[in-house]
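Engineer: Generate coordinates for the sequence data below:
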Amino acid sequence: MVPVAVRDAVLERARAGRPHEICGVLGGTFDPDGRSRVRSEYPAENVADRPRTRYRIDPEEQLEIFEQLDDRGEEIVGFHHSHPRGPADPSETDAAEATWPNRSYLIVSLDPLAVGSWRWRPAGADNDVTSESEGRFERERLVLE
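Structural biologist: Numbers count the residues shown, from 1 in each chain. Model prediction:
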């Protein structure tokens, strides 16, 4: 579940950040089975070499955000970023760089305007990912509250 205010804040940042991708961390209550609840979003600077088509959160800033989450009693629910000129679906690069198992990845598309939510499922016996793969994104229903 995602508060409408969080979704709107991410959309506004995506619009303001255009033509670059924006990114950040989602905090709240984490459930690996898919019933996580977002309570807040933590914007981060995109430090990717090619910010128009990639995103990267600086490791030091990411650590600071994780400390803020911990101080507020929140867990890492997932991450968000934008695709200013593409769909709200994970790109091949998104899949290649996903590293947080069972976390949600909220992707905002500005053209066309859409918000998609995906959960990263690592390869393993608990899912149907082939052994040739590191994992896969699974679409999840975006429930607004």
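
Engineer: Leaving out the residues flanking it, which one is nearest to R18?
Structural biologist: In space, and not counting its chain neighbours, R18 is closest to P84: 4.8 Å by CB to CB, 6 or more residues apart in numbering. Glycine gets a C-beta too; all of them are placed from N, C-alpha and C.

Engineer: any idea how far R52 is from the one you found?
Structural biologist: 7 Å (CB to CB, to the nearest Å).

Engineer: And the two? Which one has more around it.
Structural biologist: Regarding P84 and R52, a neighbour count based on other CB atoms under 10 Å identifies P84 as having more, with 19 against 12.

Engineer: Give the pairing partners of the helix or strand W118 falls within; include direction for each.
Structural biologist: Assigned by DSSP states H and E, W118 falls within strand 113-122. Here strand 113-122 has these sheet partners by DSSP bridges: strand 104-110 (antiparallel), strand 135-140 (antiparallel).

Engineer: Could you list the low-pLDDT ranges of this protein?
Structural biologist: Using pLDDT under 70 as the threshold, the predicted model of the chain has low-confidence ranges 125-133.

Engineer: ok so, going back, quick one: contacts of the strand holding W118?
Structural biologist: Identification of contacts with strand 113-122 by CB atoms under 8 Å, 6 or more residues apart in numbering yields 2, 7, 10-11, 34, 78, 87-90, 98-109, 127, 129, 134-142.

Engineer: Counting neighbours, which of those end up buried?
Structural biologist: 2, 7, 10-11, 78, 88, 90, 98, 100, 102-109, 129, 135-137, 140 (16 or more other CB atoms under 10 Å).

Engineer: Adding distance to A123, write the strands paired with strand 113-122 out as CSV.
Structural biologist: Formatted as CSV, those follow (distance: least, CB to CB, whole Å):
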stretch, distance to A123
strand 104-110, 17
strand 135-140, 5
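
Engineer: Quick check: which element contains G28?
Structural biologist: strand 23-29.
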